[in-house]
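Undergrad: Let's see this in three dimensions:
(chains A, B and C)
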Amino acid sequence: MRATLKEVYDRLLESFGPQGWWPGESPFEVLVGAVLVQNTSWKNVVKAIDNLRDADVTSPQAVGDLAQEELEELVRPAGYFRLKARRLRNLIEFILRRYDGSLDAMFAAGLPVVREQLLTVNGVGPETADSILLYAGNLPTFVVDTYTHRVLSRHGWIDPESDYHAVKDHFEQNLTTDVALYNEYHALLVRVGHHYCRKTPKCDECPLVEMLPEGGVQG
DNA sequence: TGCCAGGCCGGGT
DNA sequence: ACCCGGCATGGC
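TA: As a prediction, this is how the structure comes out:
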C-alpha cells in the first residue's frame, strides 16, 4: 500500500508545520528572489534583496533606471552576479514593455498565457516561472525543484528519469487545484530536503522514513 | 576545508 | 536529441 501525495503532505505538515512561504515583502521581491535563488542558497539571496531594498529598488521601474554595473553590485551576494543581473534585466524589461511594469496586469492575463510568456524570457526556466506565478501571483501552478525530484524518486514515488513537466503533472493531477496547498507543499518539500534529503541522505530521523518502500531509499 | 546551494543556457557531439 | 561545462558567493 503506497502513500498518496495527500498523505505525504499531511505527514510533512504535521512534522514541520506551515512554512509561510515565499519569503519576500512584496510580489516584486518574490519575483526577484525567484531569479536570484537559481542554484543558490536562500541565505545569499536575502543579502541581495536587502541591498535592493536599501537602494530603494522596489519596483520594475526602479530596476529599469539602474545602470547594469549598479545592478550587478547589488545582487552580487547571490552569486553568478553578472549572469543574474542580466537575467533579472531581461525579465524586468519584458514586464516593462509588455505590461507597462505592472505585476498586477501581468498576473491578470491568466496562468497559461503568462507562463508561456515568462518562458520566452532568457534566464527564466520552468521552476523560476512557476515560482513567480505561484508565490508572487497566487496562481495555481505546482513548483518542481531539485528536492521535489529527489524526495519523490528516493521513495520510489516517481520514475527517477521523469522530467520537470512529468513531475509537475503528477502533482497537479493527484491533488486538488489549490494555491495554498501547492504553496505549502513545495515549501515543505524544500524543508525536508534541507534537513534530511541532501545528496547523502539522513533518513534516520526523517518523518517520511516510515513511508519508504521495502529496501530503503533508492539511489 | 571543501562541498554544495530552492537552475538555466549555449555549444559540442 | 542528449550531454556537459560555465556561471560565483557565502554557509556549514
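Undergrad: Residue A:117: helix or strand, and which one exactly?
TA: Assigning secondary structure by DSSP states H and E places residue A:117 in helix A:111-119.
Undergrad: mind checking how far the helix or strand just after that helix is from the chain centre?
TA: Using DSSP H and E, the helix or strand that follows helix A:111-119 in sequence is helix A:126-131. With CA atoms, centre = their mean, to the nearest Å as the basis, the distance from the averaged C-alpha position of helix A:126-131 to the chain average is 6 Å.
Undergrad: is DNA strand C contacted by the helix or strand following helix A:126-131?
TA: Later in the chain than helix A:126-131, the nearest helix or strand by DSSP H and E is helix A:146-154. No. Counting by CB under 7 Å from any atom of the strand, no contacts exist between helix A:146-154 and DNA strand C, the nearest distance being 12.6 Å. In this view, the C-beta of every residue, glycine as well, is placed from N, C-alpha and C.
Undergrad: Can you dump the C-alpha atoms of helix A:146-154 in PDB for me?
TA: Only the C-alpha atoms of helix A:146-154 are listed here, as PDB (Å, rounded to 0.1, in the frame of the first residue of the first chain):
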ATOM      1  CA  THR A 146      15.700  19.500  -7.200                       C
ATOM      2  CA  TYR A 147      14.400  18.500  -3.800                       C
ATOM      3  CA  THR A 148      10.900  17.600  -5.100                       C
ATOM      4  CA  HIS A 149      12.500  15.300  -7.600                       C
ATOM      5  CA  ARG A 150      15.000  13.900  -5.100                       C
ATOM      6  CA  VAL A 151      12.500  13.200  -2.400                       C
ATOM      7  CA  LEU A 152      10.000  11.600  -4.700                       C
ATOM      8  CA  SER A 153      12.400   9.400  -6.600                       C
ATOM      9  CA  ARG A 154      14.200   8.200  -3.500                       C
END
